[in-house]
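# how would this look folded up:
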Amino acid sequence: MNKEWYVVNTVTGYEYKVKEKLDMMINSMGLQNNIYRVVVPEQKIVEVKNGVKKEVVLNLTAKEFDILHLLVQLHR
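Here you go, the predicted structure:
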(Lines give C-alpha, C1' and ligand atoms only; values in the text may rest on other atoms or scores of the structure.)
Protein backbone atom coordinates (compact mmCIF):
# COMPACT_ATOMS: atom_id res chain seq x y z
CA MET A 1 0.00 0.00 0.00
CA ASN A 2 1.35 3.39 -1.00
CA LYS A 3 0.93 6.14 1.54
CA GLU A 4 1.41 9.76 0.52
CA TRP A 5 1.39 13.00 2.48
CA TYR A 6 -0.93 15.88 1.60
CA VAL A 7 -1.00 19.43 3.00
CA VAL A 8 -4.17 21.04 4.36
CA ASN A 9 -3.99 24.82 4.81
CA THR A 10 -5.61 26.31 7.91
CA VAL A 11 -5.84 29.74 9.49
CA THR A 12 -3.61 30.61 12.45
CA GLY A 13 -5.05 29.35 15.71
CA TYR A 14 -7.38 26.78 14.14
CA GLU A 15 -4.90 24.02 13.24
CA TYR A 16 -5.73 21.83 16.26
CA LYS A 17 -9.48 22.38 15.87
CA VAL A 18 -9.27 21.37 12.18
CA LYS A 19 -7.21 18.29 13.15
CA GLU A 20 -9.82 17.35 15.77
CA LYS A 21 -12.67 17.73 13.25
CA LEU A 22 -10.81 15.69 10.62
CA ASP A 23 -10.16 12.93 13.15
CA MET A 24 -13.87 12.91 14.09
CA MET A 25 -14.91 12.71 10.43
CA ILE A 26 -12.44 9.90 9.73
CA ASN A 27 -13.85 7.86 12.62
CA SER A 28 -17.52 8.58 11.91
CA MET A 29 -17.18 7.80 8.19
CA GLY A 30 -15.05 4.68 8.68
CA LEU A 31 -12.08 6.03 6.74
CA GLN A 32 -9.36 4.67 9.04
CA ASN A 33 -8.16 2.32 6.28
CA ASN A 34 -7.69 5.21 3.84
CA ILE A 35 -6.52 8.08 6.04
CA TYR A 36 -3.70 7.02 8.34
CA ARG A 37 -2.53 10.13 10.15
CA VAL A 38 -3.39 13.79 10.60
CA VAL A 39 -0.46 15.74 12.05
CA VAL A 40 0.17 19.33 13.10
CA PRO A 41 3.90 19.85 12.44
CA GLU A 42 5.48 21.05 15.65
CA GLN A 43 8.75 21.04 17.52
CA LYS A 44 9.21 20.87 21.27
CA ILE A 45 12.07 22.93 22.66
CA VAL A 46 13.24 23.74 26.17
CA GLU A 47 13.67 27.41 27.04
CA VAL A 48 15.61 28.58 30.07
CA LYS A 49 14.54 31.92 31.53
CA ASN A 50 15.84 33.14 34.88
CA GLY A 51 17.19 29.66 35.59
CA VAL A 52 13.79 27.99 35.07
CA LYS A 53 13.39 25.39 32.30
CA LYS A 54 10.14 25.47 30.36
CA GLU A 55 9.06 23.21 27.49
CA VAL A 56 7.60 25.16 24.57
CA VAL A 57 5.82 23.78 21.49
CA LEU A 58 6.45 25.65 18.23
CA ASN A 59 4.36 25.13 15.11
CA LEU A 60 6.67 24.60 12.13
CA THR A 61 4.67 26.53 9.56
CA ALA A 62 4.48 29.97 7.98
CA LYS A 63 3.09 32.09 10.84
CA GLU A 64 4.32 35.27 9.21
CA PHE A 65 1.65 34.71 6.55
CA ASP A 66 -1.03 33.62 9.06
CA ILE A 67 -1.23 30.25 7.34
CA LEU A 68 -0.69 26.99 9.14
CA HIS A 69 -0.69 23.51 7.73
CA LEU A 70 -1.78 20.06 8.69
CA LEU A 71 -0.15 17.03 7.16
CA VAL A 72 -2.50 14.20 6.18
CA GLN A 73 -1.22 10.76 5.20
CA LEU A 74 -3.60 8.98 2.81
CA HIS A 75 -3.68 5.59 1.11
CA ARG A 76 -3.11 6.17 -2.56
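
# only C-alpha atoms for contact and neighbour calcs from this point on.
OK.

# pLDDT on the strand or helix carrying Lys21, on average?
Using DSSP states H and E, Lys21 sits in helix 15-28. Averaged across helix 15-28, the pLDDT comes to 91.

# okay, and for the protein, where does confidence drop off?
For the chain, the stretches with pLDDT under 70 are 1, 58-69.

# let's go with 50 and repeat that
Applying pLDDT under 50 to the chain flags residues 64-65.

# please identify the buried residues of the helix holding Lys21?
Glu15, Val18, Lys19, Leu22, Asp23, Ile26 (16 or more other CA atoms under 10 Å).

# which one of these is nearest Val38?
Lys19 (6.4 Å; CA to CA).

# please name the spatially closest residue to Lys44 (chain neighbours excluded).
Leaving aside its sequence neighbours, Lys44 sits nearest to Val57 (CA to CA, 6 or more residues apart in numbering; 4.5 Å).

# middle-most residue in this protein, spatially?
Nearest to the mean C-alpha position of the chain, counting by CA atoms, centre = their mean, stands Val40 at 1.2 Å.

# any idea what the closest residue to it other than its chain neighbours is bridged to?
Distance criterion CA to CA, 6+ apart; nearest residue to Val40, sequence neighbours excluded, is Leu70 at 4.9 Å. Beta bridges link Leu70 to Val8, judged by DSSP bridges.

# show me what the helix or strand hosting Arg37 is in contact with.
Using DSSP H and E, Arg37 sits in strand 35-39. By CA atoms under 8 Å, 6 or more residues apart in numbering, the surrounding residues in contact with strand 35-39 are Lys19, Leu22, Asp23, Ile26, Leu70, Leu71, Val72, Gln73, Leu74, His75.
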